[in-house]
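Undergrad: sequence first, then the predicted structure:
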Amino acid sequence: MSISVSTPPSVAFLNGQFSAENVIKKVTRSGDLRGVFHDGDSWQAISPETPIYEVEMLRSPQGEGELYAGVTHLQPGRVGDEFYMTRGHFHQRREQGEVYFGLKGAGLLLLQDEKGDARLERVSPGSVHIIPGFSAHRLINTGNEILSALAVWPSIAGHDYASLTQGFALRVVERGGKVQVREVQNG
Ligand code: PA5
Ligand code: NI
């Protein structure tokens, strides 16, 4: 009997890069994030071409029981006083969860349930985050270097951006050189 041992894709902890060939890459630029940052004037002042984050995804089969794996690389920086962050989403299939692993950099994972209750988890190299079903999630880079995190999620989960029109209940800003979390009424 011949047993095959294959080499799977790997992720380099030092820079968060996938080693796999044929990785799918999607860059999200400032211009794609209209209405996401609270300071619209500061958002307009930066070039819409400014890259904010890139997601590298492995090509995986789709369907019930299949999993996607992707690394998000979120740039350091701010729009006005607000740290760069991902758009954030619920899953279309609300009951589906996800796991994030911090690889590089320093930041926060913002989680919010369907009632609008929000909480934060610190993201750092090696941190493990279980995102339960029915939870919107967003990465925020509060550090000075790229924040990279690996995500694994069911391929059937889907992304629902539209249901967050009210936004998240918390915003993370810089005040006097410190990271400050602000509660907001309407996103
Ligand atoms: O599946 C995930 O939760 C991540 O891969 C995100 O899609 C990624 O971080 C980009 O964020 P968003 O989809 O909110 O733009
Ligand atoms: Ni997700």
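TA: Good, I have the coordinates. Residues are numbered from 1 along each chain as shown. Ligands and ions are numbered 1, 2, ... in the order given.

Undergrad: can you list the strands that the helix or strand containing residue 90 pairs with?
TA: For residue 90, the host element (DSSP states H and E) is strand 90-91. With DSSP bridges as the test, strand 90-91 is paired with strand 159-160 (antiparallel).

Undergrad: give the next helix or strand downstream of the partner strand.
TA: strand 170-175.

Undergrad: and that following strand, which residues are buried?
TA: With burial defined by 16 or more other Cβ atoms under 10 Å, the residues of strand 170-175 counted as buried are 170, 171, 172, 173. Just so you know, the C-beta spots here come from the backbone N, C-alpha and C atoms, and that holds for glycine as well.

Undergrad: any idea which of those residues is the one closest to residue 100?
TA: residue 172 (16.4 Å; Cβ to Cβ).

Undergrad: distance check, the closest one against residue 83.
TA: Taking Cβ to Cβ, to the nearest Å as the measure, residue 172 falls 5 Å from residue 83.

Undergrad: what touches both of those two?
TA: Residues touching both residue 172 and residue 83 (Cβ atoms under 8 Å, 6 or more residues apart in numbering) are 140, 142, 179.

Undergrad: find the nearest non-adjacent residue to the last one, please.
TA: Closest residue in space to residue 179, ignoring its immediate chain neighbours: residue 142 at 4.8 Å, by Cβ to Cβ, 6 or more residues apart in numbering.

Undergrad: return the set of residues that bridge with the spatially most central residue of the chain.
TA: The chain has residue 139 as the residue nearest its centroid, 4.0 Å off, counting by Cα atoms, centre = their mean. Residues in a beta bridge with residue 139, per DSSP bridges, are residue 109.

Undergrad: please see if stretch 166-184 touches ligand 1.
TA: No: using Cβ under 6 Å from any ligand atom, stretch 166-184 never reaches ligand 1; the gap is at least 11.1 Å.

Undergrad: what's that stretch in contact with?
TA: Contacts of stretch 166-184 (Cβ under 8 Å, 6+ apart): 38, 78, 81-83, 85, 88, 108, 110, 112, 116-118, 120, 136, 138, 140, 142, 186-187.
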